[in-house]
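Visitor: Pasting the sequence and the predicted model now:
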Amino acid sequence: MILKNCRIVDPFFSIESGYIEIEDGCIKNFGAGRISKGEDFSGATLIPGFVDTHMHGALGFDTMDRDENGLRKIEEFLYSKGVTTFLPTTISCPFDELIETLDFIERYKEKYPFSSVEGVHVEGPYLSIERKGAQNPKFIKSPDDEEVEKLLEYKETIKVITIAPEIENALKFIKIFEKSGITTALGHSTATYEDFLKAHMAGSRRITHFFNGMNPLHHREVGLVGAGLIHEDVYVELICDKVHSTPEAIKLVFKNKNFEKIILITDSMRATGLEPGEYELGKQKVIVDETSARLEDGTLAGSILTLDRAVKNAVSITGLPLNEVLKSAVTAPLNSIKLYDRGRIMKGYKADLVLLDDKLDVLMTIKNGRVVYSV
């Protein structure tokens, strides 16, 4: 496959008019200028595929449903939004249900080896009741040896696990998870800055949905928000829907963090892509309107955001060029989960690519060198 006469935008360079050659699922060659062979995409922009490392569901389906057909539909929907790699995300639940979900994802990946499902983000149950958000408090608890030993059997599948660092046994198990290769993210937490420092020393370098599910910044106790802004080596997840974080908060993060340490996520729930109405998350009723998803008491319950919209919002709010925002929509999420075989327009990298029009709408998505979506 050869695509020609398109603008090429990698997170670290741009070519105003060029071509790319794809073979055996990888990028064989690319360059500037015009060539005779290939399909003409004049006016389009070619980028690496987006990466969503925190999303619960879409189109009426949720990770916890353990529904093969539903997950396939989520994949297809995400392809239409330019997402070529994602982590289905769990929610606090009985431990046996969590294990069933991990087993389901492993079977799914085995059946569909070229899937965009890369693994799982385990969000809960090791969280703070005080900062539970839309997590069901019935299932929130501290980790114990037996459960963690079982979870470590899935260390190739679990890519991220969110944990509140101040709860009992958290620091012990943060160190164990990190040594096993699982990225720990601090979230749904009342952590003080001192709590953060202890988790940081244990190896944790990521904060879940920044600003949300944590104490607000205070000038006498900066907590996780202050920690995320102070520490250059820490990744922060950011929901750019202008609901979870205002445009001013989004500007604050982009002004104070290296873009390669900001991870754009959606935290999308099952109503994403559907009409407003009543839905469910973690066995709790969720009311969805045109802009948000909330529990009956008004608590935000995930989002209805898509990653292409998050990128558009980030570009318009910050005024940054597309390639800089791609560092947060592609580079940072991949680096955070130690996935280095994609996310660049370079020879030998996986051909996970997206073509955009001049409004940044998705025209075509390519996964492993195969067209999986086209308008």
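Guide: That came through fine.

Visitor: can you list the residues that contact the biggest helix by length in the chain?
Guide: Of all the segments of type helix in the chain, defined by DSSP state H, the longest one is helix 95-111. By C-beta atoms under 8 Å, 6 or more residues apart in numbering, the residues outside helix 95-111 that reach it are 63-64, 66, 68, 71, 88, 90, 93, 115, 117, 119-120, 122, 125, 147, 150-151, 154, 157-158. Glycine gets a C-beta too; all of them are placed from N, C-alpha and C.

Visitor: and these, which of them are in strands?
Guide: Counting by DSSP state E, these place 88, 120, 122, 158 in strands.

Visitor: Please name the bridge partners of the first one.
Guide: I take that to be residue 88. residue 55 (DSSP bridges).

Visitor: That one: how many residues sit nearby?
Guide: 26 (other C-beta atoms under 10 Å).

Visitor: With the last one instead?
Guide: As a burial measure, residue 158 scores 23 neighbours (other C-beta under 10 Å).

Visitor: What does the pLDDT read for it?
Guide: Confidence at residue 158, expressed as pLDDT, is 98.

Visitor: Any idea what it is bridged to?
Guide: In beta-bridge terms (that is, DSSP bridges), residue 158 pairs with residue 120.

Visitor: from now on call the first residue 16
Guide: From this message on, residue numbering opens at 16, which makes the last subject residue 173.

Visitor: how near is the nearest residue to residue 317 once chain neighbours are set aside to residue 212?
Guide: Excluding the flanking residues, the one nearest residue 317 by C-beta to C-beta, 6 or more residues apart in numbering is residue 284, at 3.5 Å. Applying C-beta to C-beta, to the nearest Å, the value for residue 284 to residue 212 is 33 Å.

Visitor: out of those two, which sits in the more crowded spot?
Guide: residue 284 (27 against 14).

Visitor: quick revisit: pick out whichever of the ones in strands among the contacts of helix 110-126 sits closest to residue 309.
Guide: residue 103 (22.1 Å; C-beta to C-beta).

Visitor: was I right about the closest one contacting residue 83?
Guide: No - the pair residue 103 / residue 83 is not scored as a contact, 12.0 Å apart, by C-beta atoms under 8 Å.

Visitor: Tell me the first helix or strand C-terminal of the longest strand seen in the chain.
Guide: Identified as the longest strand of the chain according to DSSP E is strand 28-38. Moving toward the C-terminus from strand 28-38, the next helix or strand (DSSP states H and E) is strand 41-47.

Visitor: before we move on, the earlier item: touching the longest strand of the chain from outside, list them.
Guide: By C-beta under 8 Å, 6+ apart, strand 28-38 touches 16-23, 42-50, 53, 61, 338, 360, 366, 368, 381, 384.

Visitor: So which of those residues sit within helices?
Guide: Going by DSSP H, the helices hold residue 338 from these.

Visitor: Of the contacts of strand 28-38, select the buried ones using a ChimeraX command.
Guide: Here is the ChimeraX command that selects the buried residues among the contacts of strand 28-38 (16 or more other C-beta atoms under 10 Å):
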select :17,18,19,20,21,22,23,42,45,53,61,338,360,366,368,381,384
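
Visitor: returning to that earlier point: and the contacts of helix 110-126, which of them are buried?
Guide: Applying 16+ other C-beta under 10 Å to the contacts of helix 110-126 flags 78-79, 81, 86, 103, 105, 108, 130, 132, 134-135, 137, 140, 162, 166, 169, 172-173 as buried.

Visitor: Report the rounded mean pLDDT for whichever strand or helix holds residue 268.
Guide: Taking DSSP H and E as the definition, one finds residue 268 inside helix 262-271. Computed over helix 262-271, the mean pLDDT rounds to 98.

Visitor: Make sure residue 187 is indeed in a helix.
Guide: Yes - under DSSP: H, G, I helix; E, B strand; the rest coil, residue 187 falls within a helix.

Visitor: ok, it to residue 136 distance?
Guide: Counting by C-beta to C-beta, the gap from residue 187 to residue 136 is 21 Å.

Visitor: So between the two, which is more surrounded?
Guide: residue 136 (28 against 13).

Visitor: Where does the prediction get shaky in the stretch 16-165 of the chain?
Guide: Scanning the stretch 16-165 of the chain for pLDDT under 70 picks out no residues.

Visitor: pLDDT at residue 256, what is it?
Guide: 96.

Visitor: Report the contact partners of it.
Guide: 281, 306-307, 318-320, 324-325, 328.

Visitor: Filter those down to just the ones in strands.
Guide: With DSSP E as the criterion, strands contain none of these.

Visitor: among those residues, which ones are buried?
Guide: 281, 307, 318-320, 324-325, 328.

Visitor: Confirm that residue 145 lies within a helix, as I assumed.
Guide: Yes - secondary structure of residue 145 (three-state DSSP): part of a helix.
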